[in-house]
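Visitor: have a look at this prediction, sequence included:
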Amino acid sequence: GEIYRQFVRSSRECAGASIVGVASRSQDKADEFASAHGVEKGYDSIERMLESEDLDVVYVGTPVEVHKEHCLLAIEAGKHVLCEKALASNVAEAREMYASAERNNVMLQDGIWTRFFPAVEHARSLLEAGAIGEVVMVQSDFESLYTTQAAILAYGKDAKPIRIQAGGMKIGPGGAILEYENNRFAILTFIRYPSEFPEVTEITGTKGRITLEQPGHCPTRLSVRIPVATPSRYRGGNTPSPLQQFEYPLPDSISLPGAHPNQQGFYYMTEAIHRCLAAGLRECPQFVQAESLLLLELLETIRSLRADNSDDDA
């Protein structure tokens, strides 16, 4: 599929990465993809590909309904796994997958590629350092998975909402309000496609504000506003907050004709996995297991609430 093409062309730029095999249900399709994208060999099944001793890490980009099956095949063959989002259809499946990875002492990495962009890593470091004080509001628009992970980024893996409200269609436009303890919120907007949506994530704290500029789910620019006193316009005679902007250009060596925005950024995820495995880690700190499970849990709740609303409307 298209996402495999983008992943292969981006990941090839990672030092030390070799794309040694691709599996398909059809040998002809596997060979065709391998030839077109410089993959060493095509296989007519995942099982046959997993027999290769040259294979260290498997990227699973098949439909989510078969992620569990395909990931477990690779894990039980002793291979590390990077699995495209969403990791699994539900939390129970994901727990089973992570348990198998632990038993087999291999990595199972949830492929939330957003978290590996340098701009997002910078935001995470600012949050961990308390640069904007206590986070009190997250506003994010795009798709439910991406906006929900933004709330987890801002509030942390140990913070769970005490109340969730959601509306709109089960899949498509809508929104959710996540309420946390101490009067803190995340307002998530699931956009209508097509429309000219802003696609920005803003994290507001008691001391400042972080903006992941558009496209917010794969940003190359970070804006930070930390005034002397907050709120700056009301405490400083309508003086705007001082603005710092940080640019993180994509690698110019990667060309992806016709791709969606910034999909060269797959490179950052592949590079991080290489670094972590070389260091003996079994998960990447950019997005850990606890965050992965929390994300799936929240998405299940949001989907359930949206489904209930859709049934009521019908």
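Guide: Received the coordinates, thanks.
Visitor: count the neighbours of residue 106 for me.
Guide: Counted with other CB atoms under 10 Å, the neighbours of residue 106 add up to 21. Placement of C-beta: from N, CA and C, glycine included.
Visitor: now the strands for the chain?
Guide: With strands called from DSSP state E, the chain shows them at 22-23, 42-43, 57-60, 80-84, 108-111, 135-142, 163-168, 174-180, 184-190, 201-205, 209-212, 221-225, 243-247.
Visitor: distance from the chain centre to the longest one, please.
Guide: Strand 135-142 sits 16 Å away from the centroid of its parent chain (CA atoms, centre = their mean, to the nearest Å).
Visitor: same question for the fourth one.
Guide: Relative to the chain's own centre, strand 80-84 is displaced by 13 Å; criterion: CA atoms, centre = their mean.
Visitor: picking that back up, tell me the most buried of the strands of the chain?
Guide: strand 108-111 (a mean of 26; mean count of other CB atoms under 10 Å).
Visitor: ok, it: who's next to it in the sheet?
Guide: The pairing partners recorded for strand 108-111 under DSSP bridges are strand 80-84 (parallel).
Visitor: hmm, back to that, okay, the strands of the chain in a markdown table with distance to residue 304 and mean pLDDT next?
Guide: Written out in a markdown table, the entries for those read as follows (distance: least, CB to CB, whole Å; pLDDT from 0 to 100):
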| stretch | distance to residue 304 | mean pLDDT |
| --- | --- | --- |
| strand 22-23 | 34 | 96 |
| strand 42-43 | 38 | 97 |
| strand 57-60 | 26 | 97 |
| strand 80-84 | 23 | 98 |
| strand 108-111 | 21 | 98 |
| strand 135-142 | 20 | 98 |
| strand 163-168 | 8 | 96 |
| strand 174-180 | 11 | 98 |
| strand 184-190 | 15 | 98 |
| strand 201-205 | 24 | 98 |
| strand 209-212 | 28 | 98 |
| strand 221-225 | 34 | 98 |
| strand 243-247 | 38 | 98 |
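Visitor: which one, of those, ends up nearest to residue 33?
Guide: strand 22-23 (5.2 Å; CB to CB).
Visitor: sheet partners, orientation included, of the closest one?
Guide: strand 42-43 (parallel).
Visitor: tell me which residues touch the most centrally placed residue in the chain, please.
Guide: Centrality entry for the chain: nearest residue to the mean C-alpha point is residue 112, 2.1 Å, by CA atoms, centre = their mean. By CB atoms under 8 Å, 6 or more residues apart in numbering, the contact set of residue 112 is 85, 145, 149, 287, 292, 295.
Visitor: I'm done for today, thanks for sticking with me.
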